[in-house]
Each structure stands twice: as structure tokens, then as C-alpha cells.
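Novice: requesting a structural model of the entry that follows:
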Amino acid sequence: MAGPERSENPLSESPRRELAPPVPAEGDGGVFSQSWFPVCLSADLKPGSVVGAGFLGGRVVAFRGEGGGPARVVSAYCVHLGADLSVGEVVGEQLRCRFHGWRYGGDGRCAATGIGDPVPSRARLFRFPTVERYGIVWAFNGEEPLFDLPDLPHPEDELVVR
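Specialist: Down below sits the predicted model:
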């Protein structure tokens, strides 16, 4: 009488044990790495323009002052009543909400209300650290960058970004 067949590899029959819960995927439960993420193409952000973009499960706006200064990236919703600032407009170097005229500087702080009331002391948008390189506007997911945007091994003028 023959005995039960045995596998060549005794480890293949042992039950699999997990020593810790699996690491969540990027974005699971609203958790994202603190890193640099692309927001929009530099070519799409002309002086005096606003570009809205989805960003890590939420929404941001990138804007550039009328003078063509640096790109700024801030949270996309006006602190007054939550209007989407991507339909706003740039006035000078500030972003103006189209609905009630609240204006925000590049640092995200509210500079003026639409009717001249005093600005509430805590009225501000979240300002993402922003870098413009390789034809792309990048925002860092955090209050301060933990590291610089990595360099690519090719000269910037040889890159094609679409």
C-alpha cells in the first residue's frame, strides 16, 4: 500500500502568514506620499491666467500674475463660499474669485473681500510649494518640500513635453 503523495517542496504546503497589514496603495484612504507632482504644462499657464487641475483626489489651481511672474499653486476653492477658483481671474498678481470678488495673493492669504469688509484673519488657501521645470508646473504635497525636484539626466532644452 502506497503512502500519501508528498510535494517535492514542503514549504509550498505551509500556510502563508502575514507579519503586518499590507502597505496601502498610493491614494488609498486619502493618503498620498509627500513628493513632487505635476499640475499643468508651463505653456498652458500664460501670464494672467488660471488653470484648474485634479490633484491627489482633490483640486488645485495654478495661476501666474499678469506680470508673468512665477507660477503659484493653491487649493481650488474660495474660503468664502467654496466657489471653484479655476473660473476666477487674475488681477495684477492676485487671484480673484469670480463669484464674490475675494482676492488671494500668491501665498494663499486673502488680500481683500469683494465688498470691502475686513479680511478674516484665518482666510487663506493652502499654498503648495511650487517649482517650474522641464516645461511643467510641479507642486509638492506638503507645507515645505522635503527634497528638491530631481534632475533629469538630459538637458532641459532637449526634452519634449506634451
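
Novice: can you tell me the SS state at Arg17?
Specialist: Assigned with DSSP: H, G, I helix; E, B strand; the rest coil, Arg17 falls in the coil class.

Novice: again, but for Glu144
Specialist: With three-state DSSP as the criterion, Glu144 reads coil.

Novice: hmm, it is touching Pro129, no?
Specialist: Yes - counting by C-beta atoms under 8 Å, Pro129 is a contact partner of Glu144 at 6.4 Å. C-beta coordinates here come from the backbone N, C-alpha and C atoms, glycine included.

Novice: okay, these two: which has more neighbours?
Specialist: Just comparing Glu144 and Pro129: by other C-beta atoms under 10 Å the higher neighbour count belongs to Pro129, 16 against 7.

Novice: excluding chain neighbours, what is closest to the more buried one?
Specialist: Residue nearest to Pro129 in three dimensions, not counting chain neighbours: Phe140, with 4.2 Å by C-beta to C-beta, 6 or more residues apart in numbering.

Novice: separation between the one you found and Asp117?
Specialist: Phe140 sits 33 Å away from Asp117 when distances are taken as C-beta to C-beta, to the nearest Å.
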